[in-house]
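Trainee: Show me how the following folds:
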Amino acid sequence: MRGRGERSGPGLLTAAVALLAVSGLALGSGAASASPAPGPGAAAGGAGTTAAGTGAAGAADGTAGSPDGREDVSWRVDLSRPGADDVNVRYTGGGLRLADPGFSPASMRAGRGYGSAVLPVRGLDRAVGRVTAEVTAELPGGARVEVDVRGRDGGGAWTEWREATGAPADLPRSVTDVQARLTLWGGEGGGKTGAPAVRSLRLTAGPGAEPAARPLKEAAAFSARVYATREGLVGHTTANGHVIQPNDHFVALPSRRGLSPKGSGQYSVRVCGPARCETAPVWDVGPWNTHDDYWNPSSTREMYQDLARGLPEAQAAYQNGYNGGKDEFGRRVANPAGIDLADGTFYNIGLNDNGWVTVTYLWTDGGGGSTTSFPTWGTDVSIRASATTNSTRVASLPGPTTVRVRCQVHGQLVNYQGYSNDAWSYLPDYGGYVSNIFIDVADAWLPGVPNC
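Mentor: Next comes the predicted model:
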């Protein structure tokens, strides 16, 4: 046997935000993150952030002094270029708008239009830790705009998304690549007259707080015991634009901070039920809340910082009457759910009804938990969203390199150049799986690497 397998044979704070009020339109206060409810510190028609690729048309660069004397870097984003991960947005009439003002994801409350644009990655020539957003937008009554940003360093792992709408976003560590996500929410009345239009968008990145020293041994990814419900909703669309299929495999969590782009496993969980465990990507937002990143330490939690880490707000509301027994929208909480499971994931782990599961949030803590490094071979090697060649290609390895492997799973049997193997390894830095055929070691099943 070889690693290649067997031979066959709230208000604007310090963020520089420019909002354009047009005739007859009022600027509200608060921006929704994954739903129409205002997020903490959000601004009505809040600040937009985007990352334009180096040399992108329409991107203007500049530098400015930061408070500690180091230079910031600033760029304007070309909003006219559509992206593969965009959801229900289009550029027309000089602005980015909702393509269908009546569309909203199935798992969120209806009544307002929704659109999202995941903007190109911006590579920087210096390390940054804070990103400020500046947007000019037309905001009919009740319409909102939100910007989230994230970053990655030389290790390749993305931080969580952080909102830059009402104040600068402080990333959890210094990064050299920055990406932004722009979210549009229509007004209460719906229709074209209630839809926002983003005219311009600029990001400024600079030094953040000095990062804490990383421990010599990285902590394992955070796990919690939470109540799971079945999402269902086959044929409907998730918050990242995925159309739900029969027997689908993904999860929903109640915060956009851990929402993966469409087809990606950049933010994934390992969910364990009565029968088995499964690693699944986060492709939707819910249940109940949309600003409850309960897997984060209480001090950095988006809302509900008085709750213990690992305790979803819905569970506290249902069991203990927290927040008057209601969710962030004022609805009476009818179950303690902290995660929704797509049908395939739900039944695969052994659930026949809603119930308690153990969830590991694979991107958390020490850069995503313990990993083992292995060499690879081959050129243009595909990394897939799941352990099958039929799933989305989320990234590729141009040539031989070294990758970090978190876990492995038996999936589709792959045959290549006389080798056969059904084992696949999960690569957290890429958010996907690679066939173990391309891991250049003597074992088909990698030694010392756990099951996913």
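
Trainee: Tell me where the stretch 101-250 of the chain has strands.
Mentor: 114-118, 122-138, 144-152, 162-163, 169-185, 197-206, 222-230 (DSSP state E, counting those that start in this stretch).

Trainee: looking at these, which is buried most?
Mentor: With neighbours taken as mean count of other CB atoms under 10 Å, those reach their highest mean count in strand 144-152, at a mean of 28. For every residue, glycine as well, the C-beta is placed using N, CA and C.

Trainee: Show me what it is packed against.
Mentor: With contacts taken as 3 or more CB pairs under 8 Å, 6 or more residues apart in numbering; DSSP states H and E, strand 144-152 sits against strand 122-138, strand 162-163, strand 169-185, strand 197-206.

Trainee: tilt between the last one and strand 114-118?
Mentor: Spelled out, that is strand 197-206. Between strand 197-206 and strand 114-118, the angle comes out at 40 degrees (axes from the mean of the first three to the mean of the last three CA atoms, to 10 degrees).

Trainee: Only alpha carbons, please: show strand 197-206 as CSV.
Mentor: What follows is strand 197-206, C-alpha atoms only, in CSV (Å, rounded to 0.1, in the frame of the first residue of the first chain):
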residue,chain,number,x,y,z
ALA,A,197,-28.1,50.9,-4.4
VAL,A,198,-24.4,50.9,-3.5
ARG,A,199,-22.6,53.6,-5.6
SER,A,200,-19.1,53.3,-4.3
LEU,A,201,-17.0,51.4,-1.9
ARG,A,202,-13.6,51.9,-0.4
LEU,A,203,-11.5,49.9,2.1
THR,A,204,-8.6,51.1,4.2
ALA,A,205,-6.4,48.6,6.0
GLY,A,206,-3.8,49.3,8.6
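
Trainee: Direction included, what does that strand pair against?
Mentor: Strand 197-206 pairs in its sheet with strand 71-76 (antiparallel), strand 95-98 (antiparallel), strand 122-138 (antiparallel), by DSSP bridges.

Trainee: residue contacts, the residue nearest in space to the middle of the chain?
Mentor: Nearest residue to the geometric centre of the chain (CA atoms, centre = their mean): L259, 2.7 Å. L259 sits next to A34, W161, A239, N240, L253, Y267, V282, W283, D284, V285 when contact means CB atoms under 8 Å, 6 or more residues apart in numbering.

Trainee: What are the phi and psi values at it?
Mentor: Backbone torsions of L259, given as degrees, to the nearest 10, read phi -90, psi 120.

Trainee: What's the separation between it and A84?
Mentor: Distance of L259 to A84, given as CB to CB, to the nearest Å: 16 Å.

Trainee: Ok, G93 next?
Mentor: Using CB to CB, we find G93 at a distance of 23 Å from A84.

Trainee: now do F438
Mentor: Using CB to CB, one obtains 25 Å as the distance from F438 to A84.

Trainee: out of the two, which sits in the more crowded spot?
Mentor: F438 (26 against 9; other CB atoms under 10 Å).

Trainee: That one contacts D380, correct?
Mentor: No. With contact defined as CB atoms under 8 Å, F438 does not reach D380; the gap is 10.6 Å.

Trainee: joint contacts of these two?
Mentor: With contacts defined as CB under 8 Å, 6+ apart, the residues shared by F438 and D380 are L397.

Trainee: low-confidence ranges in the chain?
Mentor: By pLDDT under 70, the low-scoring segments of the chain are 1-70, 108-111, 154-156, 189-192, 209-219, 366-370.

Trainee: would you list every one of the helices in it?
Mentor: Along the chain, the segments classed as helices by DSSP state H run 313-320, 343-348.

Trainee: Nearest to R393, out of these?
Mentor: helix 343-348 (19.9 Å; CB to CB).

Trainee: Tell me the buried residues in the closest one?
Mentor: Neighbour-count burial for helix 343-348, counted by 16 or more other CB atoms under 10 Å, picks out D343, G344, T345, F346, N348.

Trainee: do stretch 268-280 as well
Mentor: Neighbour counts using 16+ other CB under 10 Å place S268, V269, R270, V271, C272, G273, C277, E278, T279, A280 of stretch 268-280 among the buried residues.

Trainee: Distance to N88 added to those residues, as TSV?
Mentor: Shown next, in TSV, are these (distance: CB to CB, whole Å):
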residue	distance to N88
S268	24
V269	26
R270	31
V271	28
C272	34
G273	33
C277	34
E278	29
T279	28
A280	24
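
Trainee: can you name the two of these that are farthest apart?
Mentor: S268 and G273 (16.1 Å).

Trainee: thought D292 was touching Y304?
Mentor: Yes. Counting by CB under 8 Å, D292 does reach Y304; the two are 6.2 Å apart.

Trainee: picking up where we left off before, so which of the helices and strands packed on strand 144-152 gets nearest V359?
Mentor: strand 169-185 (20.4 Å).

Trainee: And the helices and strands packed on strand 144-152: which comes nearest R152?
Mentor: R152 lies closest, by CB to CB, to one member of the helices and strands packed on strand 144-152: strand 169-185, at 4.9 Å.

Trainee: how close does G378 sit to I437?
Mentor: Distance, G378 to I437, by CB to CB: 8 Å.

Trainee: Between the two, which is the more surrounded one?
Mentor: Ranked by neighbour count (other CB under 10 Å), G378 and I437 place I437 first, with 25 against 18.

Trainee: Let me know whether the more buried one touches N421 as I believe.
Mentor: Yes. Assessed by CB under 8 Å, I437 is found in contact with N421 at 4.9 Å.

Trainee: Please consider this matter closed, and thank you.
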